[in-house]
Every structure is written in C-alpha cells, then in structure tokens.
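Colleague: coords below, sequence missing:
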C-alpha cells in the first residue's frame, strides 16, 4: 500500500506492520430425514346379513300332501343389480333340501345368476295344511337378493322374504382442517375421491387408490398426501356418513379413517458440543496477547425448530468466549428440517481465529415411519488468517494540522484525499469506539417528604453475558473515584480488557453520577454488544 502526502509544512510518516486476525469461520448445521408421505385409509362398511327366502309348498286340492310327481320351477331376476334373468330346472315337490343333483339347493345354485354358497334346509315339521317349507339362505356376496318368483308349478307354491340381505348405498363426505368435501358416492372411483379432496384449500395434491368392494358394497380408498402443504405427520381426515344407507335396517353404515403410514417429520431435540482448541486474546500491542484453551462444552437441549436467536443464545451461553451470528433457513423442508448458518465473529478476545474444529451434534431427534432423522455439521467457510496493515500519523511539530490529508494506492488504484484527522476533529483520536453510559439518580418526592438525593447506601452490580461484577457502591467515593472502581471490576471479567471509565457529577440530584464506559480495544462497533446487557441491583 503506497502513500501520497499532502501536508504543507507538516509531515506524515508511515509505520506498517501486520497482525493475524481471524476471518470468520462459518459452519452449517442441518437436519434431515427420509421423505415419507402420510397415507390414510378411508373405509366404508356395514354389518353383513344373509338374504333368506322361504319356498312354501301346499298340497293341491284333494290331496293330503305333495307327492313326488308334482313339480315346480323358479325364476330370479337380478338384472337391476347387474345380473340377469334366469329360470331354474324342474324341482320335485318332495326333493331333498341339499343332498344330490336333484336337491333344491343344487337346482337353485345351478342358475347362472346365483353364486355358490347357497344353503337350503327343510322344515322338520309339516305345515298344518300338509305341505312343507324350504329355507333358502343366499351367500353374503349376493347382498340384497330380489325375491324369487314361481315360474310354473303343479301345486300351490309361495315365496316369502324372511331377511333382506344387507348392502351399502348413498354418499359420504370427508373433512380436513374445518373444510368439508362435496358428497362422495359410496362406490366412488379413485379419481372422484382425488378431485373432491383436492378442491379443498387445506389439501394440496393426493394420490388415491381404490380397493375392491367387500360383500356389502363397502370400499376402501388409500389416500397418499404428496404436497408440501400436507407434509409430515398430519391430522387425520374426518368422515361423515350421514348420506349412507343400508338395504337391511339392522345393518349399520360406517365410514372410518385410519393412518396406515405416518408422514416423516422431524421432532425432538439435539445438543451441540465444541471440541478443544487454542485461541489468543490479541491486544493492539501484539506482544501482550494471551493464549487460552477453550472448548469441550455441551449445550442444553435445542428444539428441532429453534429460531436463530435461540440457537445463538444457546451457543453463547456455553462459554463467555463464544460469540456467533446465526441465521436459519426461511421455512422447514418437506420433512420439517432446518438449516442454521453459524458464523464465528471477531470479538475483543479474537477467540475464533483460523480454522476451528467442527461443532459436534448430539441427536435426540425423532421422526416416525421407522426412520431416524440425521443432523449434519459441515464447514461452509474455513476460518483463515488475514493481514492487517496499520497506519500511523506522526506530526512533524506539536500536532497534526487539521487540514492534513493523504491518499492510498493499492493494485494500481488510488483513493481520494483522506483527512488525517477525523472531520471536525483536533486530535488524533482515531475511529469511534463503543460507549455505554451508566447513570444513578433518584425520584424527587419533596411533596411527600422526600428529596432527590441518591442514598449513600445505593449499590449495584454489572452483568455482561454470564459474568457479574462484585457489588459497587454508587457514591461511597466521588464520581471520578467510583469510575476507577467500575473499571477495575469490569476488567476483572473474562470478556473485558483495555476499557476506560470516566465519571462526572450528574444533574439528577445530590449524589448522582454519570459514568461513561469506553471500549477502546473493540474494532469499530462490534455487533456482539447487541446481545449484551447491563443489569442494576439497587437496594
């Protein structure tokens, strides 16, 4: 870096040296787990009830009972339920109920629109008129069977319905987060359920798969939630069965929702641990630097969705030497993961210099669906050493002239004129430094018999991060004398060095003081003071 002096009769000399200051180490903490979509099953059902019909035979006039020469045949029309119109073969009036090819059961079951599983029994006692009765129980798979009819007969035959088979019909509705779908048919296709669910603003995209019907027209629909809007382990759909009906009054309609796969979503907590490393506390006079060993601390539990401020506090609470800046990704990933960027910042100790060990994450995260979430720490930017050149302004006489200026050149480029003294200044006081003001005062209660005098028993402590001074008496000494006490107490804390405290009488009543704490060795206006606070205890 070159100089171009413009001082008139004054002189600026350059003194160039370099010290090692840490360029920020940046580490990333990120949580993740396998993406598993929530899957819920919607199922409709009703109680199974067999269709039971009776075939009642009576002897024709002039006969005491039916005989084997008398026959009849039946017809069954199931075309309204997707079946067909069928006739049975001729059935003897004295046929057995279920044994042999000519039994009532075999002949009825041979009809093309009748499924296997028919059970026929014959009444043990003859009817009062000399006839007898066959009870025909149809399989559940035939649901609600239409009443059989007599096609041709040599004797009186009556068909009686004893019990209607049961089957579902009608509609139902589904609800999610206080929104409800339009009516959904009891036998709705996959696309119909998908479309009606996706019309809800609280649901993004879904995949729907319909299973085969059961013997009562009950169906099941597997609903897989596939959008970011419904990520993770979400609430269950709510079902309303008010539009469903059954063909038999004793059958109760039902629609239920159960979760068969929980969506993966990160929960629980984690902790952070720092390894051991050396750091040095650098004063402007490098020869006075001190070397310390820090690290090995473990944080308290950190929530899986901790905001940036919480993580910053947790890290800085681990040690008075940790000072970081933390930012967090705007929103969770589809599985609820976050990414935190941790920057180790320069503070008055210069504790975070060079390439630091990676933070160690200790996971107590939970995720469901059989997957254990991961937490990864990686180095985003390695801490490096940077050169600092120092410029000294030396007067050729008693003081530097207020109009003195200079220019700097670097890499072939030249700055404009730079005043040797701060604008409007009269001394080489350098750049601005951080200051905090401490004031003691009391409330004027003269009307109530009090005054505005600060009690000589007033005392306080000062707290910075996790360190607190001993008790300081506010006006046991002069304001100037107490300033020195404050300075000594603050410099005894591990976070402070090279500070100056001045004190003057304040205009807030007798015994009131104002102390200005100047942090001389802080570079510029460090952001670390944003998280610091001064706390008073007054008795």
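Modeller: Structure's in. What do you need? Please read all numbers here as calculations on a predicted model, not as lab measurements. Residues are numbered from 1 along each chain as shown.
Colleague: chain center to the longest helix seen in the chain: distance?
Modeller: Longest helix of the chain, by residue count under DSSP state H: helix 479-491. Per C-alpha atoms, centre = their mean, to the nearest Å, the displacement of helix 479-491 from the mean C-alpha position of its chain is 49 Å.
Colleague: buried residues in the next helix or strand after that helix?
Modeller: Note on helix 479-491: by DSSP states H and E, the next helix or strand toward the C-terminus is strand 499-505. Within strand 499-505, the residues scored as buried using 16 or more other C-beta atoms under 10 Å are 499, 501-503. The way it works is simple: take the backbone N, C-alpha and C, and place the C-beta from them, glycine included.
Colleague: pLDDT and distance to residue 122 added to the residues you listed, as JSON lines?
Modeller: Formatted as JSON lines, those follow (pLDDT from 0 to 100; distance: C-beta to C-beta, whole Å):
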{"residue": "499", "pLDDT": "81", "distance to residue 122": "110"}
{"residue": "501", "pLDDT": "91", "distance to residue 122": "114"}
{"residue": "502", "pLDDT": "91", "distance to residue 122": "118"}
{"residue": "503", "pLDDT": "90", "distance to residue 122": "117"}
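Colleague: show me where the stretch 301-450 of the chain has its strands.
Modeller: Assigned by DSSP state E, counting those that start in this stretch, the strands in the stretch 301-450 of the chain fall at 302-303, 324-328, 339-344, 360-366, 374-381, 385-389, 405-410, 413-414, 418-419, 434-439.
Colleague: including mean neighbour count, distance to residue 104 and mean pLDDT, could these go into JSON lines?
Modeller: Formatted as JSON lines, the strands of the stretch 301-450 of the chain follow (neighbours: other C-beta atoms under 10 Å; distance: least, C-beta to C-beta, whole Å; pLDDT from 0 to 100):
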{"stretch": "strand 302-303", "mean neighbour count": "17", "distance to residue 104": "73", "mean pLDDT": "96"}
{"stretch": "strand 324-328", "mean neighbour count": "18", "distance to residue 104": "78", "mean pLDDT": "91"}
{"stretch": "strand 339-344", "mean neighbour count": "20", "distance to residue 104": "76", "mean pLDDT": "92"}
{"stretch": "strand 360-366", "mean neighbour count": "16", "distance to residue 104": "64", "mean pLDDT": "93"}
{"stretch": "strand 374-381", "mean neighbour count": "14", "distance to residue 104": "69", "mean pLDDT": "89"}
{"stretch": "strand 385-389", "mean neighbour count": "12", "distance to residue 104": "102", "mean pLDDT": "58"}
{"stretch": "strand 405-410", "mean neighbour count": "14", "distance to residue 104": "111", "mean pLDDT": "81"}
{"stretch": "strand 413-414", "mean neighbour count": "9", "distance to residue 104": "110", "mean pLDDT": "86"}
{"stretch": "strand 418-419", "mean neighbour count": "14", "distance to residue 104": "116", "mean pLDDT": "78"}
{"stretch": "strand 434-439", "mean neighbour count": "14", "distance to residue 104": "105", "mean pLDDT": "80"}
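Colleague: for those strands, which one sits closest to residue 312?
Modeller: strand 324-328 (4.2 Å; C-beta to C-beta).
Colleague: now do that closest one: everything it contacts.
Modeller: 306-309, 311-312, 315-316, 338-345, 527 (C-beta atoms under 8 Å, 6 or more residues apart in numbering).
Colleague: separation between the closest residue to residue 119 other than its chain neighbours and residue 164?
Modeller: Nearest non-adjacent residue to residue 119, counting by C-beta to C-beta, 6 or more residues apart in numbering: residue 137, 4.4 Å away. For residue 137, the distance to residue 164 (C-beta to C-beta, to the nearest Å) stands at 12 Å.
Colleague: now do the shared contacts for these two.
Modeller: In contact with both residue 137 and residue 164: residue 51, using C-beta under 8 Å, 6+ apart.
Colleague: these two: which is more packed in?
Modeller: residue 164 (21 against 18; other C-beta atoms under 10 Å).
Colleague: thought that one was touching residue 144?
Modeller: Yes: between residue 164 and residue 144 there is a contact under C-beta atoms under 8 Å: 5.5 Å.
Colleague: could you name every residue contacting both of the two?
Modeller: Contacts common to residue 164 and residue 144, judged by C-beta under 8 Å, 6+ apart, are 51, 247-248.
Colleague: most neighbours, which of the residues you listed?
Modeller: residue 51 (25 neighbours).
Colleague: surely it meets residue 146?
Modeller: No: the pair residue 51 / residue 146 is not scored as a contact, 9.1 Å apart, by C-beta under 8 Å.
Colleague: what is the neighbour count of residue 36?
Modeller: Residue 36: 20 surrounding residues under other C-beta under 10 Å.
Colleague: in a strand, that's where it is, yeah?
Modeller: No: Residue 36 sits outside any strand when classified using DSSP: H, G, I helix; E, B strand; the rest coil, being coil.
Colleague: distance of it from residue 137?
Modeller: 46 Å.
Colleague: kindly report the same for residue 490.
Modeller: From residue 490 to residue 137 the distance is 96 Å (C-beta to C-beta).
Colleague: residue contacts, residue 26?
Modeller: 341-344, 379-381.
Colleague: bridged to it, which residues?
Modeller: Counting by DSSP bridges, residue 26 is bridged to residue 343, residue 381.
Colleague: ok so, going back, just curious, which of the contacts of residue 26 is nearest to residue 243?
Modeller: Ranked by distance to residue 243 (C-beta to C-beta), the contacts of residue 26 are led by residue 341 at 53.2 Å.
Colleague: correct me if wrong: that closest one contacts residue 378.
Modeller: No: Residue 341 is not in contact with residue 378 according to C-beta under 8 Å; the separation is 10.8 Å.
Colleague: so for stretch 58-77, what gets flagged as buried?
Modeller: Buried-residue list, stretch 58-77, by 16+ other C-beta under 10 Å: 58-59, 65-66, 70-72, 74, 76.
Colleague: which residues does it contact?
Modeller: 55, 57, 83-94, 108, 111, 113-114, 126-127, 129-132, 145-146, 148-159.
Colleague: now find how far off-centre it is within its chain.
Modeller: 75 Å.
Colleague: same check, this time on stretch 117-128
Modeller: The gap between where stretch 117-128 is centred and where its chain is centred comes out at 66 Å by C-alpha atoms, centre = their mean.
Colleague: span of stretch 124-137 from start to end?
Modeller: 17 Å (C-alpha to C-alpha, to the nearest Å).
Colleague: avg pLDDT for that stretch?
Modeller: Here stretch 124-137 scores 90 as its mean pLDDT.
Colleague: tell me how far residue 225 lies from residue 145.
Modeller: 40 Å.
Colleague: residue 216 looks like it's in a strand, true?
Modeller: No: membership of residue 216 in a strand is not supported by three-state DSSP, which gives coil.
Colleague: mind listing what it touches?
Modeller: Residue 216 sits next to 45-48, 140, 143, 166-168, 246, 251 when contact means C-beta under 8 Å, 6+ apart.
Colleague: nearest to residue 435 among these?
Modeller: Looking across those and measuring by C-beta to C-beta, the closest to residue 435 is residue 45, at 76.6 Å.
Colleague: give me the pLDDT for the nearest residue to that closest one once chain neighbours are set aside.
Modeller: Excluding its sequence neighbours, the residue lying closest to residue 45 (C-beta to C-beta, 6+ apart) is residue 218, at 4.0 Å. pLDDT recorded at residue 218 is 95.
Colleague: would you mind giving the domain segments of the chain?
Modeller: 1-9+391-427, 18-35+266-387, 40-263, 431-531 (automatic domain parsing).
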